[in-house]
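In: predicted model, plus sequence, below.
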Amino acid sequence: MSHPGDNLVLILLIGVIFYFLLRNWISFSFLTDWLHKSADQGQIEIRGDVPDLLKKNGYEVIKAKQRVPITIDVDDRTYESRFYVDYIARADDEWYLVIVARERKPVRMSGPALRDYFLPYYLLYQPEGILYVNREKRTIQLIQFDFPDVSLSKKQGFPWLYIAAVLFGMILAWLIR
């Protein structure tokens, strides 16, 4: 005997199961885009030298002063750290991290130095690029990473074998009746 609301719970449960089964094969980026657009409504405009410079170069500053806490476990010890991002900007529906140059901590323009400084930010956020802004020189440098495909495990395709087995079982059950 069913009670009111049982069908709703059943439909929600089936929807969650389908989401977890299909999330590896179907992109749900439209959901994240929708969430970003709804979060952008009603924001306060960010002002300052760097946001003005970014705006003049075609970027829209979305967020300022982002702090990302990180916990690092080594054997039985836990260490705390954090990443700081000065701004997050957008241009043509692409997201960029903005790192402002520090006089006390300049970045040397060489492959290893750029990798060591910017790669953790790139891997953490996976933006379209990183904008390195020099406030004194009023310059913006776009830093992008290009990786070869070096995945350790082969991505599995859609489980056609499972679907074929289920269909075969259904046909067999129908024939036995």
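Out: Yep, it's here.
In: give me the next element, helix or strand, following the helix or strand of the chain with the lowest mean pLDDT.
Out: Ranked by mean pLDDT, DSSP states H and E, the weakest helix or strand in the chain is helix 29-40, scoring a mean of 57. Next in sequence after helix 29-40, counting helices and strands by DSSP states H and E, comes helix 49-56.
In: what comes up buried for that following helix?
Out: Residues 50-51, 53-54 are the ones in helix 49-56 that count as buried (16 or more other C-beta atoms under 10 Å). Yep, even glycine has a C-beta here, placed from its N, CA and C like the rest.
In: can you name the two of these that sit furthest apart?
Out: 51 and 53 (7.3 Å; C-beta to C-beta).
In: any idea of the mean pLDDT in the strand or helix carrying residue 82?
Out: Here residue 82 sits within strand 77-91, counting by DSSP H and E. For strand 77-91, mean pLDDT is 90.
In: and it, what does it pack against?
Out: With contacts taken as 3 or more C-beta pairs under 8 Å, 6 or more residues apart in numbering; DSSP states H and E, strand 77-91 sits against helix 49-56, strand 60-74, strand 94-100, helix 111-125.
In: and the protein, split by domain according to the record?
Out: For the chain, automatic domain parsing gives the domain ranges 7-42, 44-147.
In: tell me the strands beside the strand holding residue 82, with direction?
Out: Taking DSSP bridges as the criterion, strand 77-91 forms sheet pairs with strand 60-74 (antiparallel), strand 94-100 (antiparallel).
In: quick check: mean pLDDT of the longest one?
Out: Read that as strand 60-74. On average, the pLDDT along strand 60-74 is 88.
In: what is the orientation angle of that strand with helix 49-56?
Out: Angle, strand 60-74 to helix 49-56, by axes from the mean of the first three to the mean of the last three C-alpha atoms, to 10 degrees: 120 degrees.
In: and the angle from strand 60-74 to helix 111-125?
Out: Calculated by the same axes, to 10 degrees, strand 60-74 forms an angle of 100 degrees with helix 111-125.
In: any idea how far residue 161 is from residue 64?
Out: The spacing between residue 161 and residue 64, counted by C-beta to C-beta, to the nearest Å, is 50 Å.
In: what does residue 77 give?
Out: Residue 77 is 34 Å from residue 64, by C-beta to C-beta.
In: give me the more crowded residue out of the two.
Out: residue 64 (17 against 7; other C-beta atoms under 10 Å).
In: correct me, but residue 107 touches residue 101?
Out: Yes - with contact defined as C-beta atoms under 8 Å, residue 107 counts as touching residue 101 (7.0 Å).
In: now for the two: what residues contact both?
Out: Common contact partners of residue 107 and residue 101 (C-beta atoms under 8 Å, 6 or more residues apart in numbering): residue 132.
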